[in-house]
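*Asks:* Provided below are the primary sequence and the corresponding predicted coordinates.
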Amino acid sequence: MASLKASPLSLQSASSLSSLSQKSLLGSPLRIPTLAREPQKKSTAIAVSRTTKASLFSMKQAPKDSRPTKVQVMHVYEFNERDRRSPAYLRLSQKEVNSLGDLVPFTNKLYHGNLEKRIGITAGLCVLIQHVPERGGDRYEAAYSFYFGDYGHISVQGPYLTYEESYLAVTGGSGVFEGVYGKVKLQQIVYPFKIFYTFYLRGIPDIPRELLGAPVPPSPVVQPTPAAMAAEPQAAIRNYTK
Amino acid sequence: MASLSSSSVFLKIPTSKSNRFALTNPRSVPNHSLPKTPKLVSGTRRIPSRINASIFSAKQASTDPRPTKVQEMYVYEINERDRASPAYLRLSQKEVNSLGDLVPFTNKVYHGNLQKRLGITTGICVLIQHVEEKGGDRYEAIYSFYFGDYGHISVQGPYLTYEDSYLAVTGGSGVFEGVYGQVKLQQIIFPFKLFYTFYLKGIPDLPKELLGAPVPPSVSVEPIPAAKAAEPHAAVKNYTN
């Protein structure tokens, strides 16, 4: 992982920016919102609790219009192929040892669990919390998102421990993942270049088949297929996030 | 220490010229003192099981765990250049916007009809990459919208300076406690005016004061003077400032 030297970050003071403000005043033209990704209002205006008219049985499933609670499992691989200038280790603590104050923005590539399709990217921030000498690693608090091209994104937050696997919270999503909740298991395969994730997702309609399927079992030697790495059309999802 | 007020004129992102900030003292993290309401979401959920003999479907009540109907809410976020925001921290130390740059920010929030001041946004944009072919940047944004006494909504997701995006609504407090869904971000004037459409689920009916048809977004929209001045009738109670 690239790390800045421990010297103090001295950035020169800003020159006049009024010219810049003028330049960007007339920015992008008015955009009429497209309806391409309007969320489907599939739930009726008044959600109905199931009422049983004459049955002796109590409800086992969630009422039809409430948030689905069944778990859907999805697998992805995150690879750092060292071509995104990531991570950017900001040694703001100015200490030799990783210390509170260090921030690590990052972005890596995301592949289907079966390693045959490029899906998109991860993007976010790791906040170094503490170095854990007895485990030879660090604890981070991570807040980042997984981008799935036209399908949308999933946001997560939680612990990233360089020395063991962890579960992060799924905080939400957009597109097909709108309204999602649940957790995701993070397993490091080759620190810090290969990570395998198992999502346990609830609260959304059935995930598109293209994103599902048995994963290649994690091991140090796994690699995406060459076609996926090249993001050839048949080996990448539509408008995969770059 | 450079005066940041003159330099922080943008909503979120300035153009990628060299604007460097003296960083002699580490910036202390502002304490927002958010009331932390415990989330209701956990592994398993209690399912209401009701048996009654009525022919009519029971109306959605607050007894249901999480209402699923979508409520739409509109707000404008406007950078009036009076909050020393954003603070573009060019920590990558590169001329072009690059991974490593961080952009904390805070702007004013107005009702979609531009007649009331609601509060502020606060948070951080993490520069992910400069997207040369679109002439803009991709950020990962993590921030909150504050609505005075009503509470707040937290969001996380993509901020693209060159196109609309959808962010995840990750939670909220007050009247928004337990909220989920997504929000559409539309830039009107980069980077000063943004229009948001919230698609909110999981909460009881929003207070009427926050609802209503918005002024359609256009380059020239402005809050009414009373709202900008946050006069009592043109602002929500204890609007966040």
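*Replies:* In hand now; what should we look at?

*Asks:* in the chain, which spans are strands?
*Replies:* Just going to use chain A. For chain A, the strands defined by DSSP state E occupy A:51-52, A:72-79, A:103-112, A:118-132, A:137-147, A:153-161, A:166-173, A:181-190, A:194-202.

*Asks:* switch to chain B, that's the one I care about
*Replies:* Going by DSSP E, chain B shows strands at B:50-51, B:71-78, B:102-111, B:117-131, B:136-146, B:152-160, B:165-172, B:180-189, B:193-201.

*Asks:* right, and those - which one's nearest chain A?
*Replies:* The closest of the strands of chain B to chain A is strand B:165-172. By CB to the nearest CB, the value is 3.0 Å. From N, CA and C alone the C-beta is placed, and that goes for glycine too.

*Asks:* With mean neighbour count, distance to chain A and mean pLDDT added, can I get the strands of chain B in CSV?
*Replies:* Shown next, in CSV, are the strands of chain B (neighbours: other CB atoms under 10 Å in any protein chain shown; distance: least, CB to the nearest CB, whole Å; pLDDT from 0 to 100):
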stretch, mean neighbour count, distance to chain A, mean pLDDT
strand B:50-51, 14, 5, 49
strand B:71-78, 22, 9, 98
strand B:102-111, 24, 7, 97
strand B:117-131, 23, 4, 97
strand B:136-146, 24, 4, 97
strand B:152-160, 25, 4, 98
strand B:165-172, 26, 3, 98
strand B:180-189, 24, 5, 96
strand B:193-201, 23, 5, 98
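
*Asks:* Quick one: closest of those strands to A:V190.
*Replies:* strand B:117-131 (22.7 Å; CB to CB).

*Asks:* Give me the pLDDT for residue 5.
*Replies:* As the question left the chain open, I've gone with chain A. A:K5 is assigned 37 on the pLDDT scale.

*Asks:* my question was about chain B
*Replies:* B:S5 carries a pLDDT value of 38.

*Asks:* and what of the one 4 residues further on?
*Replies:* Per-residue confidence for B:V9 comes out at a pLDDT of 39.

*Asks:* you'd agree A:E141 is up against A:V104?
*Replies:* No - if you go by CB atoms under 8 Å, A:E141 and A:V104 don't touch, sitting 10.6 Å apart.

*Asks:* higher neighbour count, these two?
*Replies:* Taking other CB atoms under 10 Å in any protein chain shown, A:E141 and A:V104 do not tie; A:V104 has more neighbours (25 against 14).

*Asks:* Show the contacting residues for the closest residue to the more buried one other than its chain neighbours.
*Replies:* Closest residue to A:V104 apart from its sequence neighbours, by CB to CB, 6 or more residues apart in numbering or on different chains: A:C126 at 4.1 Å. Counting by CB atoms under 8 Å, 6 or more residues apart in numbering or on different chains, A:C126 makes contact with A:P87, A:L103, A:V104, A:P105, A:F106, A:Y140, A:E141, A:A142, A:Y144, A:Y160.

*Asks:* how close does the fourth one get to chain B?
*Replies:* When CB to the nearest CB, to the nearest Å is the yardstick, A:P105 and chain B sit 5 Å from each other.

*Asks:* isn't that residue right next to B:N97, touching?
*Replies:* No - judged on CB under 8 Å, A:P105 makes no contact with B:N97 at a distance of 11.9 Å.

*Asks:* Identify the contacts common to these two.
*Replies:* B:L127.

*Asks:* State the mean pLDDT of stretch A:144-154.
*Replies:* For stretch A:144-154, mean pLDDT is 98.

*Asks:* Quick one: low-confidence residue ranges for chain A.
*Replies:* In the predicted model, chain A carries pLDDT under 70 at residues A:1-65.

*Asks:* Quick one: neighbours of the residue lying closest to A:P220 once chain neighbours are set aside, just the number.
*Replies:* Spatial nearest neighbour of A:P220, excluding adjacent residues (CB to CB, 6+ apart): A:V190 at 5.4 Å. By the measure other CB under 10 Å, the count of residues near A:V190 is 14.
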